[in-house]
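A.B. asks: Sharing a model prediction with you, sequence too.
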Amino acid sequence: MGRSPCCEKAHTNKGAWTREEDERLIAHIQAHGEGCWRSLPKAAGLLRCGKSCRLRWINYLRPDLKRGNFSDEEDELIIKLHGLLGNKWSLIAGRLPGRTDNEIKNYWNTHIRRKLLNRGIDPLTHRPINEPATNNTPVSFSSVMKAEEIRTGFNPKTKNPIVDCSEPNLELRISPPYQHPTQPLENRGSSRALCLYCSLGFQNSKGCICRRSGGSSENFLGLKNVLDYRSL
DNA sequence: AAGCTGCACAACCGCCTGTTA
DNA sequence: CTAACAGGCGGTTGTGCAGCT
């Protein structure tokens, strides 16, 4: 049994949005809020597919969007997040306020890919292009896990459980948060950990919350919900 | 000036997932 | 439990524009 189409395609406009369509969509969302995209076009008087309205709003019309060039810090953050997450553009976008997954995906494909290639780095693996093929595997946290950690599911030194949030095509494993080497040993087993910015090497970033809140591993990379889900 | 090429980005398509009846 | 549905996501395509020949 096939799925029904998301909307009646025979009577919908396609292609670039007009100013009038934008204004209708904005006015409707301002009046009624987001949600129920399927019925929105009819309610707003638009001859558009609900999906198209959602995309237009999220990627272009939303008032909190930060338009304009990406900063160098944003560039580096995208590169580091891509190294960790792969093509999970929505997760990456979640770490860049005001940027959309579509915008980041386009920016990656047009700018950053070339930037990495110019640096001699493979944009897929984040490894040097001339590195031997045998080592040409995606970056994965599992690569730094010791055999005993993998076998027992616990870090033999800290006795902390190894939290595994890998997904079929993500190859991402999260081990207990990195502890500052200077931190007293007796404190290392606590929940205090580096924030995302420090984890990615932006210790001096204004976004760093380590010093403000003491940090927490609870929402590392914004994956708290994923971890909670996996632990069920 | 005309044609060609490459770039940037908006938009579409098809699939997947979570929710609901 | 299952099917239908709505929303979300990533890959891909289409289009406008600038630069070059």
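C.D. replies: All right, it came through fine.

A.B. asks: Tell me, what's the model's pLDDT at residue A:105?
C.D. replies: Here the pLDDT value assigned to residue A:105 is 90.

A.B. asks: How about the contacts made by it?
C.D. replies: Each residue near residue A:105 by CB atoms under 8 Å, 6 or more residues apart in numbering is listed here: A:87, A:89. Using the backbone N, CA and C atoms, a C-beta is placed for each residue, glycine as well.

A.B. asks: downstream neighbour of the strand or helix carrying it in the secondary structure list?
C.D. replies: Under the criterion of DSSP states H and E, residue A:105 resides in helix A:101-107. Elements were assigned by DSSP H and E; along the chain past helix A:101-107, the next helix or strand is helix A:113-118.

A.B. asks: anything in stretch A:70-85 near DNA strand B?
C.D. replies: No: contact of stretch A:70-85 with DNA strand B (CB under 7 Å from any atom of the strand) is absent, the minimum separation being 8.7 Å.

A.B. asks: Oops, could you answer that again for stretch A:19-37 instead?
C.D. replies: No: Stretch A:19-37 is not in contact with DNA strand B by CB under 7 Å from any atom of the strand; minimum separation 8.1 Å.

A.B. asks: Name the residues of that stretch that are buried.
C.D. replies: A:21, A:24, A:25, A:26, A:28, A:29, A:37 (16 or more other CB atoms under 10 Å).

A.B. asks: Run a quick neighbour tally on residue A:49.
C.D. replies: 20 (other CB atoms under 10 Å).

A.B. asks: is it true that it touches residue A:41?
C.D. replies: Yes: judged on CB atoms under 8 Å, residue A:49 makes contact with residue A:41 at a distance of 6.9 Å.

A.B. asks: Do I have it right that residue A:61 meets residue A:27?
C.D. replies: No: the criterion here is CB under 8 Å, and residue A:61 misses it with residue A:27 at 10.8 Å.
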